[in-house]
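Visitor: Pasting the sequence and the predicted coordinates here, then a few questions.
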Amino acid sequence: MARQLDLPSNVQGVVVTSVDPDSGAAELQKGDVIEEINQQPVPSISDYNKVVASVDPSQPQVLSVCRHRLRSFLVLRPR
């Protein structure tokens, strides 16, 4: 999958497949790879689900994301 998305081989995370444009996650794009949420690694969907279940949805969340071979941070704010 890393090759299909043109990602560096060391990227580990969950791939964004769709985004609700009216949600707090609207800054994400299809094909983004979420590597961390609030500095907690999410190398698998299982890890992602555990971290998401533990965060306070009323607070901003900081995501480490790989997009087009570049790593960046996004702050998702509740709406």
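Guide: Right, received. Where do you want to start? Numbers count the residues shown, from 1 in each chain.
Visitor: contacts and neighbour counts: CA atoms only from here.
Guide: OK.
Visitor: the helices in this structure, which residues?
Guide: Using DSSP state H, the helices of the chain run over 45-54.
Visitor: in it, which spans are strands?
Guide: 14-15, 33-37, 40-41, 61-67, 70-76 (DSSP state E).
Visitor: Could you give the bridge partners of V65?
Guide: Note on V65: beta-bridge partners by DSSP bridges are I34, S72.
Visitor: Measure how far stretch 31-51 is from the centre of its chain, please.
Guide: Centroid separation for stretch 31-51 versus its chain: 6 Å, with Cα atoms, centre = their mean, to the nearest Å.
Visitor: Kindly apply the preceding question to stretch 16-34 instead.
Guide: The answer for stretch 16-34 is 8 Å, by Cα atoms, centre = their mean.
Visitor: Can I get it in PDB? Just the C-alpha atoms.
Guide: Provided in PDB are the C-alpha atoms of stretch 16-34 (Å, rounded to 0.1, in the frame of the first residue of the first chain):
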ATOM      1  CA  VAL A  16      -7.800   8.200   5.600                       C
ATOM      2  CA  THR A  17     -10.300   6.800   3.100                       C
ATOM      3  CA  SER A  18     -12.900   9.600   3.400                       C
ATOM      4  CA  VAL A  19     -13.600  12.800   5.300                       C
ATOM      5  CA  ASP A  20     -16.800  14.500   6.300                       C
ATOM      6  CA  PRO A  21     -16.300  18.100   5.100                       C
ATOM      7  CA  ASP A  22     -18.600  19.300   7.900                       C
ATOM      8  CA  SER A  23     -16.600  17.600  10.700                       C
ATOM      9  CA  GLY A  24     -13.700  18.700  12.800                       C
ATOM     10  CA  ALA A  25     -11.500  16.400  10.700                       C
ATOM     11  CA  ALA A  26     -12.200  18.400   7.500                       C
ATOM     12  CA  GLU A  27      -8.500  19.400   7.300                       C
ATOM     13  CA  LEU A  28      -7.700  15.700   6.500                       C
ATOM     14  CA  GLN A  29      -7.600  14.500   3.000                       C
ATOM     15  CA  LYS A  30      -8.300  11.200   1.400                       C
ATOM     16  CA  GLY A  31      -4.900   9.300   1.200                       C
ATOM     17  CA  ASP A  32      -3.400  11.000   4.300                       C
ATOM     18  CA  VAL A  33      -1.700   8.600   6.700                       C
ATOM     19  CA  ILE A  34      -2.300   9.400  10.400                       C
END
